[in-house]
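Asker: my questions concern the predicted model and sequence given below.
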Amino acid sequence: MSIPLYGQNKDGDALDAVAEWASGGYKEITTITAGHASHTLSTSDAGIILVSAALASGAVIKLPTANKARIGLRYRIIFTGTMAAAAKIQLPDSGDAVFAGVVTQNRCGNAAGVADAAAVNRTTVVTTVAQGEKSMELDENDVTFGGAIGTDLEFIYSSALVVFVTGNVLVNVASTAIDGLQATMFTGTGY
């Protein structure tokens, strides 16, 4: 490892945050309860977050606040459980950080018996800093959201004010009507 530039690590171990991601951290969310403490992620949870629980309606995966100390922190959130209904991934309302980035929404079937529609359908959803979004809304069976098994999202703390989001959101419906919109998938109210 090279020697960091003077002052690079003075504000709360930014290099440690990168090292935690690179070290392959892993956490599994196995509890469906909407308000369960395991849904609150800490800095030490950086890395892969496997959501194997069939999240209950209203479940919120809570990301930590963004600040200078957390620049470089990454969470890759992968869904392997079937959601009961709407869930969210959120930043705290108390901070100034917002989501920015682009996700791709795809329709899919699954091994549980929902057939894939014949035509391929995909859309992209972009959110910017100016839109001020703190919440990503999910619902695997809703064509305006998504979050089905196989959804794979990455959240990168790129500055004290921006958490960059990218990845692939799957919608589990046998329909070619995919309608992911910034105004429905992202909202401005966090936890």
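Answerer: Sure, I can see it.

Asker: what's around residue 129, how many residues?
Answerer: 14 (other CB atoms under 10 Å). From N, CA and C alone the C-beta is placed, and that goes for glycine too.

Asker: and the nearest residue to it once chain neighbours are set aside, which of the three is it?
Answerer: Setting aside the residues directly before and after it, residue 129 is nearest to residue 100 in space (CB to CB, 6 or more residues apart in numbering), at 4.9 Å. Following DSSP: H, G, I helix; E, B strand; the rest coil, we place residue 100 in the strand state.

Asker: partners of residue 100 in the sheet?
Answerer: residue 164 (DSSP bridges).

Asker: list the contacts for residue 74?
Answerer: Residue 74 is in contact with 21, 46-47, 154-157, counting by CB atoms under 8 Å, 6 or more residues apart in numbering.

Asker: report the contact partners of the residue nearest to residue 129.
Answerer: By CB under 8 Å, 6+ apart, the neighbours of residue 100 are 127-129, 162-165.

Asker: quick check: the residue nearest to residue 159 when sequence neighbours are not counted vs residue 134, distance?
Answerer: Among residues not flanking residue 159 along the chain, residue 71 sits closest, at 6.2 Å (CB to CB, 6+ apart). According to CB to CB, to the nearest Å, residue 71 stands 18 Å off from residue 134.

Asker: comparing the two, which residue is more hemmed in?
Answerer: Neighbour tally, residue 71 and residue 134, criterion other CB under 10 Å: the higher count belongs to residue 134, 23 against 19.

Asker: A helix includes residue 78, no?
Answerer: No. Read with three-state DSSP, residue 78 is strand and lies in no helix.

Asker: can you tell me which two in the contacts of residue 74 are farthest apart?
Answerer: The most widely separated members of these are 47 and 157, with 13.1 Å between them, by CB to CB.

Asker: neighbour count for those two, which is higher?
Answerer: Neighbour count, other CB under 10 Å: between residue 47 and residue 157, residue 157 has more, with 28 against 17.

Asker: least trustworthy helix or strand in this structure by mean pLDDT?
Answerer: None of the helices or strands of the chain scores lower by mean pLDDT, DSSP states H and E than helix 14-22, at a mean of 49.

Asker: who's in contact with residue 27?
Answerer: With CB under 8 Å, 6+ apart, residue 27 has these contacts: 41, 45, 47-50.

Asker: skipping its backbone neighbours, what lies nearest residue 42 in space?
Answerer: residue 64 (6.3 Å).

Asker: the one you found reaches residue 90, doesn't it?
Answerer: No. With contact defined as CB atoms under 8 Å, residue 64 does not count as touching residue 90 (10.9 Å).
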